[in-house]
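have a look at this prediction, sequence included:
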Number of protein chains: 8
Amino acid sequence: MNESQVKKIISDCLDGQLSLDEASSQVLGVLKLGDAQVDLDRKDRCGFQEVIYGKSKTIPQVVEILGAMAQRGLDNILVTKASAQMGQVLVEKFSGSYDIASQLYHYGSYPPAVDQATLLCAGTSDLPIAQECFLTLKALGISCNFIKDVGVAGIHRLLNYQDDLARSKVVIVIAGMEGALLSVVGGLVKCPLIGVPTSVGYGASFQGLAALLSMLNSCAAGSAVVNIDNGFGAAVLASRILQVH
Amino acid sequence: MNESQVKKIISDCLDGQLSLDEASSQVLGVLKLGDAQVDLDRKDRCGFQEVIYGKSKTIPQVVEILGAMAQRGLDNILVTKASAQMGQVLVEKFSGSYDIASQLYHYGSYPPAVDQATLLCAGTSDLPIAQECFLTLKALGISCNFIKDVGVAGIHRLLNYQDDLARSKVVIVIAGMEGALLSVVGGLVKCPLIGVPTSVGYGASFQGLAALLSMLNSCAAGSAVVNIDNGFGAAVLASRILQVH
Amino acid sequence: MNESQVKKIISDCLDGQLSLDEASSQVLGVLKLGDAQVDLDRKDRCGFQEVIYGKSKTIPQVVEILGAMAQRGLDNILVTKASAQMGQVLVEKFSGSYDIASQLYHYGSYPPAVDQATLLCAGTSDLPIAQECFLTLKALGISCNFIKDVGVAGIHRLLNYQDDLARSKVVIVIAGMEGALLSVVGGLVKCPLIGVPTSVGYGASFQGLAALLSMLNSCAAGSAVVNIDNGFGAAVLASRILQVH
Amino acid sequence: MNESQVKKIISDCLDGQLSLDEASSQVLGVLKLGDAQVDLDRKDRCGFQEVIYGKSKTIPQVVEILGAMAQRGLDNILVTKASAQMGQVLVEKFSGSYDIASQLYHYGSYPPAVDQATLLCAGTSDLPIAQECFLTLKALGISCNFIKDVGVAGIHRLLNYQDDLARSKVVIVIAGMEGALLSVVGGLVKCPLIGVPTSVGYGASFQGLAALLSMLNSCAAGSAVVNIDNGFGAAVLASRILQVH
Amino acid sequence: MNESQVKKIISDCLDGQLSLDEASSQVLGVLKLGDAQVDLDRKDRCGFQEVIYGKSKTIPQVVEILGAMAQRGLDNILVTKASAQMGQVLVEKFSGSYDIASQLYHYGSYPPAVDQATLLCAGTSDLPIAQECFLTLKALGISCNFIKDVGVAGIHRLLNYQDDLARSKVVIVIAGMEGALLSVVGGLVKCPLIGVPTSVGYGASFQGLAALLSMLNSCAAGSAVVNIDNGFGAAVLASRILQVH
Amino acid sequence: MNESQVKKIISDCLDGQLSLDEASSQVLGVLKLGDAQVDLDRKDRCGFQEVIYGKSKTIPQVVEILGAMAQRGLDNILVTKASAQMGQVLVEKFSGSYDIASQLYHYGSYPPAVDQATLLCAGTSDLPIAQECFLTLKALGISCNFIKDVGVAGIHRLLNYQDDLARSKVVIVIAGMEGALLSVVGGLVKCPLIGVPTSVGYGASFQGLAALLSMLNSCAAGSAVVNIDNGFGAAVLASRILQVH
Amino acid sequence: MNESQVKKIISDCLDGQLSLDEASSQVLGVLKLGDAQVDLDRKDRCGFQEVIYGKSKTIPQVVEILGAMAQRGLDNILVTKASAQMGQVLVEKFSGSYDIASQLYHYGSYPPAVDQATLLCAGTSDLPIAQECFLTLKALGISCNFIKDVGVAGIHRLLNYQDDLARSKVVIVIAGMEGALLSVVGGLVKCPLIGVPTSVGYGASFQGLAALLSMLNSCAAGSAVVNIDNGFGAAVLASRILQVH
Amino acid sequence: MNESQVKKIISDCLDGQLSLDEASSQVLGVLKLGDAQVDLDRKDRCGFQEVIYGKSKTIPQVVEILGAMAQRGLDNILVTKASAQMGQVLVEKFSGSYDIASQLYHYGSYPPAVDQATLLCAGTSDLPIAQECFLTLKALGISCNFIKDVGVAGIHRLLNYQDDLARSKVVIVIAGMEGALLSVVGGLVKCPLIGVPTSVGYGASFQGLAALLSMLNSCAAGSAVVNIDNGFGAAVLASRILQVH
């Protein structure tokens, strides 16, 4: 925030156009609520406004935060890892849409899609995380070439898409169990590659640890990995990559 | 490889300009050696030719692979995680340069630098991995804004570089111990962010596990993580990101 | 317990003012119940009387212990990690108050607040543990400067409180996910710092392991760490620190 | 051992053709030495005589065991995981051959090869374990189609061998790092598949744990896994599979 | 797929005998559904058609996949790790049979049994996984010598079956807790041995980790291990072993 | 089983006093049921007849096993880790007693108590496991000096029992959280000491791992450790120790 | 840094009393060296100037950093976890003292001791870490009541010091193996308690993990824990606690 | 220590027969040295005097402690986990004997053997730990039936000793790799059973973790487990068991 911006806020406050609380909030870049401090400068600093992490929050807390953001006229807001009950309450109070598979709630209008990512999903069981990624990309103004069920046990399914892969500007690979898809794709593309290990599997998958370790040790350079089941994070990174011009 | 390329190779072979072995090698995209199969199409498919992983290989194996690649006229070749003794032998046999801190050997000439990455290193102890990243970027034609020793225990050291960060097209964060630097930087930039956890630390760092888990759980979206001590991999990903135009 | 105290108890017993059981109990410093032995000297030795750990106990066991303590005239008693059902039963039987977020039950009257701790909570999701800490401090006679939602992804939110931090006598940092807040605060204060990793997060947070390891490896000296989700323990330590005069 | 065999041993002993120790040893099926009991019936029961595990044994212990076995006229004996120094002593004392890469010592003559296994090795760094497997197969009378350096980062190197794979009767896959080769091969063959994770890698490979978990969670059914770096065990299993007629 | 097969498909399409979608599907070897791509060549390549992994899929997804496979006339189809509710829906819609203990659903007719495996189950508590193995073998055309409750704590129970074991062509050992049965059996047979660790146990069994590690470290060579609770995978491997002729 | 015993069984069978099944069962030492093989010689070999592990078994399976054992006239039978529902069914069908805290069911009559063990329980939360131990000892004919709630946070509670400890013939220490009680007691007694870590605790107790590791590393020699929450196993070991005369 | 301080630096620079580099360095609060940025304001912010972490740094790096700090007139500087060779070089170049047991180097003069901490060391094997703590306290101006070899296996050794403990203002407990000492002391004092788990032990101590988990789960409130083998960190925290007035 | 003993010490001190230091030492039950406090009452309390843990101690520390103990006339002293160099110094200074395999030093004379334990060692590689156990038993006055190399891969080797086992009063089982021997023996004996997991193995043995978990989960009740490689601890427990009369 530069000097003239600060002066503008203060003079608006003096003129009675802004309350003291609001002026302070704008100068500090923070909207203080009962249990939260919304980061008002996030979009300027990081390119996308604050996203509400729904897990471990109570429904009233999320309602308060989302309500305050909406009241300030913010649009295109996400709540991630929101329970079905939380999703239902949010839709009732603020309309917007809730996707139960991906546990993602969206408020407001989506921006137009200006770019495209390739989204590869190893198995049908991994779709909830892929869906979280798909919807987050949509909120970030990115459309998808969404290719499903191309796990390495039938490698021809993947090779059928070799041209799609070669043309991609960024590829997100979503896979559970042994997560081998990332390495195979890594040998087929020139573009950046993001791995999302999922907790799909049982026994020695240890809730996604196997896929995570596998992806971190990929023999194919050019990829990096986000947290287990973090389709949201992969989407944000992909959108930033696509905006490197 | 398209039909005309294949026909050209075969007719060159019929004309005696290519040996049968060489023609077969070109058609298959593989150079078969005693203990290795060099992937001749890697550069076309993935943007950079095969890199030799030096760890767990014997010196004669690396000498054979590098020798064969050099003999085919390949240039700008890397050997990663090469022991001091291996580095010395390679320099003696092929000249090139070996950096003992990063255990990286480079053969041939570096390409001109066409783009720039920002490289943040948390502590002086993390420099060997940062150096591996720096030299790999150099081989990939990327120059660096290399910012050292900006760990979060003195956050003003990092904030002094806020303008550098805001201008960056890609940021690589290299940190051991608790790896907190990634999250803090994550809140300051719009560009893609790559975390490299290092094995620097002792006790409950468990050889880099603490930094790895910390970076994977970063509350700041827009980042992804490579293997512990994998400065090389971060550089390859960064170069791909910079080439997304 | 010195000789004159012992003699007093025994003579009171001889005089019939104390039952044999009670005299024995006082001499041994233990109140024997069916399933428990209440440590009657805990307050003299350790500064605060025995706290009842509610988890894995049955409701009748807690009712018996609390009832016996109340009957002896003990006041200001805590039951930690008490389920909602246990909390309800205790309030019905003994009045007192139960806080469902922090699973903490309190019996009796709070002491006056004689000192102040600074309580930093990284995210809204971490509030239940912060609340456990806050209420325990209250029972220990400590008031709080309770600063919420200052996670490092928006570091300016924290830096807005730099003066508060500089003035603090003890700071408790409560954070899940990657727990980076502890290290950043560690570079900003001179006073003792207590880290409380929480189990907030998913995937590779491994129920708080990531935050725990991160905090243990903090590059900022001057801090120590309690168990995952142990807001109670941090409060007890803070109160002892504040009483070092 | 049936009754007539026992009677034969005892009458040989009565006749003075067998010492009492020897007769007892044959009846019990055990050759007792100072620090070991050689299992004399192993070949009858399990198809191959006892193999000496060289690690954690002293050189004199191995010399004693091997010497006693040789003295009884046993042939084709293996010592696994033998240090270079142990290998040198054994060659000096008993001739035979020692392979330093695989740490395998062999005594006596190899049987003729009666069958063939396919041995796939992901990278040149995995060759020591592949070599252990190769030499064990040789001792078990199995020849190899030994295919090296076909890691998934250049999948065409593997696909070049698709016909070899389709014709295989058993395939052993040896891979470190993320161990993805097993899953890809699993989708290409009808025959039994044995995975050998190796400790090749660094950082989050955790000495082979990543490859082990990856292989255990393979989405391609029809495979099983042996211990990390256990090329020997994979060979024994392969030889048993080939003998299922 | 060879050239004449491709030509046949295309001419059938030209003749109107195949739709364009179907012809494309046959050429690519993939049946594209909403959320899945069924691998139509799996049986040719791997010997058994694609098996549906029921866990983490929604019931409508499984209904769609199974329906499409059935509609193409595929028979003898398995759905593994299917919840009771999923099993009930499948039986209602497609008849077939569902076994609640093993969570396995089977559609269509079983092939005649052409060979026999030996199935050893350590304890009654391990029976659900043994049952999954038994039923998968049945779908693969393998009958069983199913020996139950022969854990090593009463070794005579196992030794009673020594003749059965000596005659076996392949043995599957299913055991939880410490999984010691695999090693003991390993010393009694010449045939291939497959270990299935189960999650039966508590405390330091860590959901099957103890049995898994125990089996991987078996001192008896000739065995390999599948994922914890993966009775299905062991059956597939066993059937492949039996078909090595 | 010696020759005369075998002859007796066979002649009883010839006389029609034993059915063929029963005779075979006695000779083999095994009672074959649908899903189980009851080890009939366990008491002769190991001193106590087979105990039924209730977890992961279905209620009908346990009913069948217990019914068969009861029918043969066996008495004093335990079912461990039995769910409340299982316990209820067993009591209804066979009478006997079920203790819900310890999940232990007992059938038949208890033997007279012939010896005494000392049972130390660190906290009230650990009582369910202590109770499992107590009741198992009772079934084994051992009475208890059962000392409750003597955790080390009030060491005088333990020291009050120093004489009891010095007189003990065997001490069982049951503790969760950090399990420190074992080491402290280890320095106070001459007799054998058995540690039972419990899963009581939260956060970094990791379901009893902390207590387990702590007890295994006890600086006080003379103790050994059983599985987490294995009060049953500790009781069996204690009873064997008391019978060493 | 306030405005007048900044003006003073700039005018000194204009007067030629400060070089441009030095002025910039003072304004930024950072001394930039080749591989490091020394935090010049650390003492003002955190109470003690920057400490050099010696591990993973090269000797020339540490020489450069220490040399630059010494040249600016800084005194009382620590290098932690310095190898014997590094220590020797530092003593030769800068005098100062090096303690080989604790791997701690000290440069300059110690401040006078103004307060006292109690330092408890469980076993003689833990002394190197205790010594690191002792010497760091000395550099921080704290004297010690250093009580050695009071592990819980002989609890009377500890109880002999009960009066010392009751009088303490802060207690540091250093223990490896099972780390039980922390809990026992926790029940005896009113003051803050700091646990330092050490890597002393073998087997299931897992390099200090057992002691770490044990201390984190201490049933005695009022304590917190630092990293394994972090005697330095405990000393810094203790000194801050003693300065809370 | 009773009143008359205390009076005797004090009067001896008054008479000049004891120095003040010595008298204080006897009253406190502690011999204070530079770096250690020898527990003088250990033998009275625990049945055997303090044993010196050699690992992580310096040679001068051990020399000081052993020297002081010897000077007081103590006899039959053990130093465990002593390096070869430490062993050599101790033998030179105090004579006594050092066993390099088990890293055990013994000073003084052995007591007569009054009882017997059975010591089972799974493999020759486990002998160093078995030897540590054997020699510790010898120092405790216990002779051994030492049975070597009876791993379960050749179960008849073990069954040959069934009579020995049935007659045993206590059995110690020492095994690495999968540690299955404990469970098998558990089904064959009535006496107490002690398991010693060893770190013998590689790969997924994880330095003894596999054997440890296996033994803790043994399906055969009546056993308990000591730390990995803790042959010493097993011997102490065995000697205590044998002394329960």
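Ah, there it is.

from D:S25, how far off is the residue of chain A found nearest chain E?
Nearest to chain E, among the residues of chain A, is A:G203, at 3.0 Å (Cβ to the nearest Cβ). All C-beta atoms are positioned from the backbone trio N, CA, C, and that covers glycine. Using Cβ to Cβ, to the nearest Å, one gets 44 Å for the distance from A:G203 to D:S25.

the two - which one has more neighbours?
For the pair A:G203 and D:S25, the greater number of neighbours falls to A:G203 (23 against 19), based on other Cβ atoms under 10 Å in any protein chain shown.

the more buried one is in contact with E:G208, isn't it?
Yes - using Cβ atoms under 8 Å, A:G203 is in contact with E:G208, at 6.1 Å.

list residues touching both of these two?
Residues touching both A:G203 and E:G208 comprise E:P197, E:S199, E:I228, E:D229, with contact defined as Cβ atoms under 8 Å, 6 or more residues apart in numbering or on different chains.

ok, and the closest non-adjacent residue to the first one?
Nearest in space to E:P197, with sequence neighbours left out and distances taken as Cβ to Cβ, 6 or more residues apart in numbering or on different chains, is E:A211 at 3.5 Å.

mean confidence score for whichever strand or helix holds that neighbour?
Element membership for E:A211, per DSSP states H and E: helix E:209-216. Computed over helix E:209-216, the mean pLDDT rounds to 97.

how about stretch A:237-245?
Here the average pLDDT along stretch A:237-245 is 87.

repeat that for stretch A:163-171.
Mean pLDDT, computed over stretch A:163-171, is 95.

ends of it, how far apart?
Taking Cα to Cα, to the nearest Å, the first and last residues of stretch A:163-171 lie 13 Å apart.

show me which of the shared contacts of A:G203 and E:G208 are buried.
Neighbour-count burial (16 or more other Cβ atoms under 10 Å in any protein chain shown) applied to these gives E:P197, E:S199, E:I228, E:D229.

break chain A down into its domains, please.
Listed domain ranges for chain A are A:15-107, A:115-242 (source: automatic domain parsing).

comparing those domains, which comes out most buried?
Highest mean neighbour count of those: domain A:115-242, a mean of 26 (counted as mean count of other Cβ atoms under 10 Å in any protein chain shown).

and that one, how far apart are its ends?
OK, domain A:115-242 end separation, Cα to Cα: 7 Å.

so who does A:I194 touch?
By Cβ under 8 Å, 6+ apart, the contact list for A:I194 reads A:V170, A:V171, A:I172, A:V173, A:S223, A:A224, A:V225, A:V226, A:A234, A:L237, A:A238, B:A224.

and it, that's in a strand?
Yes - counting by DSSP: H, G, I helix; E, B strand; the rest coil, A:I194 is found in a strand.

roughly how far does it sit from D:S183?
As judged by Cβ to Cβ, A:I194 and D:S183 stand 20 Å apart.

chain neighbours aside, what residue packs nearest to A:Q85?
Computed as Cβ to Cβ, 6+ apart, the closest residue to A:Q85 that is not its neighbour in sequence is A:I59, at 7.0 Å.

check A:S205 too.
Nearest residue to A:S205, sequence neighbours excluded (Cβ to Cβ, 6+ apart): D:N217, at 5.0 Å.

from the buried ones among the shared contacts of A:G203 and E:G208, which land in strands?
Among those, the residues falling in strands (DSSP state E) are E:P197.

would you mind giving the buried ones among the shared contacts of A:G203 and E:G208 as TSV with pLDDT added?
As requested, these are exported to TSV (pLDDT from 0 to 100):
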residue	pLDDT
E:P197	98
E:S199	97
E:I228	98
E:D229	98
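
of all the buried ones among the shared contacts of A:G203 and E:G208, which comes closest to C:G73?
Lowest distance from C:G73 to these (Cβ to Cβ) belongs to E:S199, with 50.9 Å.

quick check: closest non-adjacent residue to the closest one.
Nearest one to E:S199, counting by Cβ to Cβ, 6+ apart, is E:G208 at 3.8 Å.

per-residue pLDDT, the residue of chain A found nearest chain F?
Here chain A gets closest to chain F at one residue, A:F206, 13.3 Å apart by Cβ to the nearest Cβ. Looking at A:F206, its pLDDT is 96.

quick one: it from chain G, how far?
Distance of A:F206 to chain G, given as Cβ to the nearest Cβ, to the nearest Å: 18 Å.

residues in contact with the nearest residue to that residue once chain neighbours are set aside?
In space, and not counting its chain neighbours, A:F206 is closest to D:L213: 7.2 Å by Cβ to Cβ, 6+ apart. Residues near D:L213 by Cβ under 8 Å, 6+ apart: A:E178, A:A204, A:S205, A:F206, A:L209, A:A210, A:L213, A:S214.

how about those in a markdown table, adding distance to C:L188?
Shown next, in a markdown table, are the contacts of D:L213 (distance: Cβ to Cβ, whole Å):
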| residue | distance to C:L188 |
| --- | --- |
| A:E178 | 44 |
| A:A204 | 43 |
| A:S205 | 41 |
| A:F206 | 37 |
| A:L209 | 35 |
| A:A210 | 40 |
| A:L213 | 35 |
| A:S214 | 39 |
